[in-house]
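> Pasted the sequence and its predicted model underneath.
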Amino acid sequence: MKKLLFLIPALAATTAVQANIPINGTVESKCVIQTDTDGVYGNPTADKLSTTASDGGVVPIIRYDIITADAYKAVVTTPNSFSSSPTLDDVVEWTSSTSVGDTSDAGMSAFETNKVTYNNGHSTEFDLTIAGSVWFDVSSVAEYGYGKAFPAGNYTALITAECIAQ
Amino acid sequence: MRFIVLLLCLLSGYASAHQFTPTYPTLTLSHITGVYKAEMLLFNTRKEIRYYSLNVFDEEWNPIRFASESKLIAMDYQERKYVDIYISKKDVKKAKYICSKSKILKSIKDPSIVASRICSKIK
C-alpha cells in the first residue's frame, strides 16, 4: 500500500514532463515594401542622366510582398524633379516607366497588362490581385535643356512606392 | 528545392522593408470621451530610414485631423512600434485611410532613393 502511495506522485510527475507546449502564430494580411536594388543614374551623354543599364545606370527595383490577394494596390511614382542637385537654370525633361519584373507567381504577369498610368506617366498603379512577391523595375531618364550639359555635382531623385489597402 | 528556398526566405527576414499593419484597422472607443482609437503597428527594417510620418485621410484623400503620441515617429533599424491613432467622434465617419510614410533625411545622397508609404483602410 505504501509503495502505491509513492508511485502515484511519481506517475503524475512523469505526465508533467511529457506535456506539450504549443507555439501559436498568426499570419495576417499585410503589404511589405522593400527596396531591393538602389538605383544609380548613368551619364551617357553630357545632357542625360539615365537609370537604364545601356546608359551605364542601375535600374531601381522595389519588391512588394502581399499576404492576401485583392487587399492592396501598388502605386509607384517616378521623379519629376531632383530632390537635390547643383543649381539648374534650364528645364529638365523627365521620362520614366514602371514595369513588373520578377514575380513569385506566373499569374502576376496580369499586373503588367492591367496597370494604369497617370500623372503624365509618372504614377503607375497595379492591382495586387494575387498574393506573393512582385518586383517592380523603375526607369527614370532626365534630359537637360536643349542638349545642355548637366553641371557637375551630385544628383538625387526620389521614387515613391505606395501600398494602399482597398 | 522550392521548400528550401521558401524556408531561406522566411528565415532571412526582410533586409530593407517597411510594414504597417493591420490592413483593415477598426476604430474603438478610447479612454477619452468622444474620441475613437485605432491601434497600428509599424515595423522598420530600412537601415537608411529613421523617421516615419503618420497621416489620416478621407475617401477623397483630404487630410483628417487626428492625434497620436507624435506625428513623426522615430524608428531604429529593426524596431517594431505600436502607435495609437486618436480620431474625434465627428471625424470617425469621414476617416478612411491611416498612412505611414518614410521620411528621408536631407543628408542622404543616394542617387535614387525610395520613399515608401503604406495606407491601411478603416473598416
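Yes, it's here.

> which residues does whatever residue of chain A ends up closest to chain B form a beta bridge with?
Residue of chain A nearest chain B, by C-beta to the nearest C-beta: A:Gly39 (3.1 Å). Where you see a C-beta, it was placed from the backbone N, CA and C, and this is true even at glycine. Beta-bridge partners for A:Gly39, by DSSP bridges, are B:Ser112.

> One more: A:Ser84?
Beta-bridge partners for A:Ser84, by DSSP bridges, are A:Thr156.

> Could you check how far the residue nearest the centre of chain B is from B:Ser68?
The C-alpha lying nearest the average C-alpha coordinate of chain B belongs to B:Ser100 (C-alpha atoms, centre = their mean; 3.5 Å). From B:Ser100 across to B:Ser68, the span is 11 Å (C-beta to C-beta, to the nearest Å).

> the bottom helix or strand of chain B by mean pLDDT?
When the helices and strands of chain B are scored by mean pLDDT, DSSP states H and E, helix B:2-12 comes last with a mean of 37.

> does any part of the helix or strand following that one sit near chain A?
Going down the chain from helix B:2-12, the next helix or strand is strand B:17-21, by DSSP states H and E. Yes - against chain A, strand B:17-21 shows contacts by C-beta under 8 Å from any C-beta of the partner chain at B:Ala17, B:His18, B:Gln19, B:Phe20, B:Thr21.

> what about the first one, neighbour count?
In this case it means B:Ala17. Neighbour count of B:Ala17, defined by other C-beta atoms under 10 Å in any protein chain shown: 19.

> Now do the contacts for it.
With contact taken as C-beta atoms under 8 Å, 6 or more residues apart in numbering or on different chains, B:Ala17 is in contact with A:Val32, A:Ile33, A:Gln34, A:Asp65, B:Phe43, B:Thr45, B:Arg46.

> I figured the fifth one was touching B:Arg80, is that so?
So the one you mean is B:Phe43. Yes - counting by C-beta atoms under 8 Å, B:Phe43 touches B:Arg80, with 4.8 Å between them.

> Can you tell me how far B:Gly34 is from A:Trp135?
46 Å.

> Let me see the ranges of the strands in chain A.
With DSSP state E, the ranges of strands along chain A come out as A:31-37, A:48-50, A:61-66, A:72-77, A:82-84, A:92-103, A:116-118, A:123-128, A:132-144, A:156-165.

> distance of the nearest residue to B:Lys81 once chain neighbours are set aside from chain A?
Of all residues not flanking B:Lys81 in the chain, B:Leu42 sits nearest, at 5.0 Å (C-beta to C-beta, 6 or more residues apart in numbering or on different chains). Distance from B:Leu42 to chain A, counting by C-beta to the nearest C-beta, to the nearest Å: 12 Å.

> B:Leu42: neighbouring residues, count only.
By other C-beta under 10 Å, neighbour count at B:Leu42 equals 19.

> same check, this time on the one 3 residues further on
Other residues lying near B:Thr45 total 19 when counted by other C-beta under 10 Å.

> which stretches of chain B form strands?
Under DSSP E, chain B gives strands at B:17-21, B:28-29, B:35-44, B:51-58, B:72-74, B:79-88, B:95-103, B:112-121.

> Kindly reformat those strands as CSV containing mean pLDDT.
Shown next, in CSV, are the strands of chain B (pLDDT from 0 to 100):
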stretch, mean pLDDT
strand B:17-21, 94
strand B:28-29, 94
strand B:35-44, 96
strand B:51-58, 96
strand B:72-74, 95
strand B:79-88, 96
strand B:95-103, 96
strand B:112-121, 90
